[in-house]
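Visitor: One predicted model, sequence on top.
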Amino acid sequence: MSHPEMDELYELYVLNALDRDDAFQIDAHLEDDCAHCQEGIRAALQTTAALSVLADPAEPTKDLRRRTLSSIKPPARSRPWLVAIAGLSAACAALVVFSLWSATRMQQMRDQVSVLRGERNELRSAIELLTRSDTRTVQFGQTEETPHGRVLISSTGGVVFVGMQLPALDRDKRFELWLIPAKGAPEPAGMFRPNTSGESVHISSVPAERSTMAVAVTIEPWAGSPAPTTKPFLVVPLG
Amino acid sequence: MPSHEKADAQLIDLLRKRDAEGLAAAYDRYGRIAYSLFLRITRDQSASEDLVQELFIRLWNRGREFDASKGTLGVWILSIARNMAIDHVRSAQARLAGRSCSIELIDKLSMSAHSADPESIIDRARSVDAGFRNLNANEKRVLELAYFEGLSQSEIAARLKEPLGTVKSWTRSALGRMRRAIQGASAQESGNS
């Protein structure tokens, strides 16, 4: 079929009104990207689309418009300033969290330094006590399996209590060290708790009078007691 | 530039940007004529409304493929609408599947091909009506059977109990006169603008 013959058929082609043989010939041209046929089809589409106005005018329901438009989902609009604000907010939040974490961490480190300083001072005191000429050392305990250790005491420098295999305590309890004089009431010499292995080194700067005849350890409430409230679980005679 | 041309170009631009206002404007411009076409072909109000909805969803989904400087929105909408309506009234194994001007071809030739005549179909209604009124009764009948009922020339011949050659002559004559009426009106419009 020649192009002039086809020129009369393009509208019928786009209306699907051509019989099979004629349609196949146009199909073949279109498959070969025939520019003449493409242009013919393009013009035919315009002609046949215009025939739609021959339909009797009819009015769709107003609800159809609403239904049609509500059935599509427009993509979210891109709002760069919102993204920027969101990013800035996230950065600020991260900075606040980091600052809080840093402050907390800094405080923890200060606390650790403070503890270490305290321990350093105690060790200095202990070393000083050990070097004093009036320091006495007394061992206590019979076996390795029971509470044992030693007491270093100076009438001018204080007391160092070193204990092992000490019993575990309730959360609200601590050991309290007492200096027991020959006469009079026991004198409190500080609170301490053993570690998880039952070990403890307690250093007290309370000077031990020469009359001190023993040291004792009781279990007391966390805040301590001015006088023993329980029977001493350990008494170490110094004589 | 005719007013509709700017309007259609703007609609395509909005549709390409996935702007819902573009679809609303396209509906306002072509929804009524598409519905009328669906109703004329299907004779079913409910089915026509469903088809309108499907048509504009398809337009929304394909909107990015239009070329605002070249595309012919009305041609695409009404060509697709007719195909959808004919598909609807015919069986699933419609002959459209066997030999058709496919929807893909309509997409290809109406979405991005340059149109020498971008005039809106709606604006051509008067000349289309005038051209149709000038057809004789046989030409009108075969044109309606081909366009609104999707019958082939052989089917039209069988329906009208007329020789195939006669029907071919009537349809070609009818389409030729309509083509000239539409293109003539277009040329006149271009000359005036």
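Guide: Alright, I've got the coordinates.
Visitor: Now do stretch A:27-47, average pLDDT.
Guide: The average of the pLDDT scores along stretch A:27-47 is 86.
Visitor: And chain B, is that stretch touching that?
Guide: Yes - Stretch A:27-47 reaches chain B (CB under 8 Å from any CB of the partner chain) through A:27, A:30, A:38, A:41-47. Every residue, glycine included, has its C-beta placed from N, CA and C.
Visitor: which secondary structure elements does the least confident helix or strand in chain A by mean pLDDT contact?
Guide: Ranked by mean pLDDT, DSSP states H and E, the weakest helix or strand in chain A is helix A:80-130, scoring a mean of 78. The helices and strands touching helix A:80-130, judged by 3 or more CB pairs under 8 Å, 6 or more residues apart in numbering or on different chains; DSSP states H and E, are strand A:148-154, strand A:158-164, strand A:200-204.
Visitor: Next, the angle from that helix to strand A:158-164.
Guide: 110 degrees (axes from the mean of the first three to the mean of the last three CA atoms, to 10 degrees).
Visitor: what's the spacing between stretch A:52-69 and its chain's center?
Guide: Counting by CA atoms, centre = their mean, to the nearest Å, stretch A:52-69 is centred 60 Å from the centre of its parent chain.
Visitor: scratch that, stretch B:168-188 is what I was asking about
Guide: Relative to the centre of its chain, stretch B:168-188 is centred 15 Å away, using CA atoms, centre = their mean.
Visitor: Let's see that stretch as CSV, backbone CA atoms only.
Guide: Output in CSV follows, covering the C-alpha atoms of stretch B:168-188 (Å, rounded to 0.1, in the frame of the first residue of the first chain):
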residue,chain,number,x,y,z
LYS,B,168,-15.6,2.0,3.1
SER,B,169,-16.5,4.8,0.7
TRP,B,170,-18.9,6.4,3.3
THR,B,171,-16.4,6.2,6.2
ARG,B,172,-13.5,7.6,4.2
SER,B,173,-15.7,10.3,2.8
ALA,B,174,-17.0,11.2,6.3
LEU,B,175,-13.6,11.2,7.9
GLY,B,176,-12.1,13.2,5.0
ARG,B,177,-14.8,15.9,5.3
MET,B,178,-14.3,16.0,9.1
ARG,B,179,-10.6,16.2,8.7
ARG,B,180,-10.9,19.1,6.3
ALA,B,181,-13.4,20.9,8.4
ILE,B,182,-11.2,20.6,11.5
GLN,B,183,-8.0,21.5,9.8
GLY,B,184,-9.7,24.3,7.9
ALA,B,185,-11.0,25.8,11.1
SER,B,186,-7.5,25.4,12.6
ALA,B,187,-5.9,27.2,9.7
GLN,B,188,-8.4,29.9,9.9
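Visitor: By mean pLDDT, flag the weakest helix or strand of chain B.
Guide: helix B:95-98 (a mean of 46).
Visitor: for chain B, what spans make up the helices?
Guide: B:3-16, B:20-42, B:45-62, B:73-89, B:95-98, B:103-111, B:125-133, B:137-147, B:153-160, B:164-192 (DSSP state H).
Visitor: what are the phi and psi values for the residue nearest to residue B:176 when sequence neighbours are not counted?
Guide: Sequence neighbours aside, residue A:8 is the residue nearest to residue B:176 in space, at 6.9 Å (criterion: CB to CB, 6 or more residues apart in numbering or on different chains). Backbone torsions of residue A:8, given as degrees, to the nearest 10, read phi -80, psi -10.
Visitor: Contacts only, for residue A:8.
Guide: Under the criterion of CB atoms under 8 Å, 6 or more residues apart in numbering or on different chains, the neighbours of residue A:8 are B:172, B:175-176.
Visitor: And those, which is closest to chain A?
Guide: Set against chain A, the nearest of the contacts of residue A:8 by CB to the nearest CB is residue B:175 (4.3 Å).
Visitor: how close does the residue nearest in space to the middle of chain A sit to chain B?
Guide: The residue lying closest to the centre of chain A (CA atoms, centre = their mean) is residue A:101, at 9.7 Å. Here residue A:101 is placed at a distance of 43 Å from chain B (CB to the nearest CB, to the nearest Å).
Visitor: And for residue A:199?
Guide: Residue A:199 sits 74 Å away from chain B, going by CB to the nearest CB.
Visitor: what number of residues lie near the spatially closest residue to that residue that is not a sequence neighbour?
Guide: The shortest distance from residue A:199 to any non-neighbouring residue, by CB to CB, 6+ apart, is to residue A:164 (5.1 Å). Per other CB atoms under 10 Å in any protein chain shown, the neighbour tally for residue A:164 reads 17.
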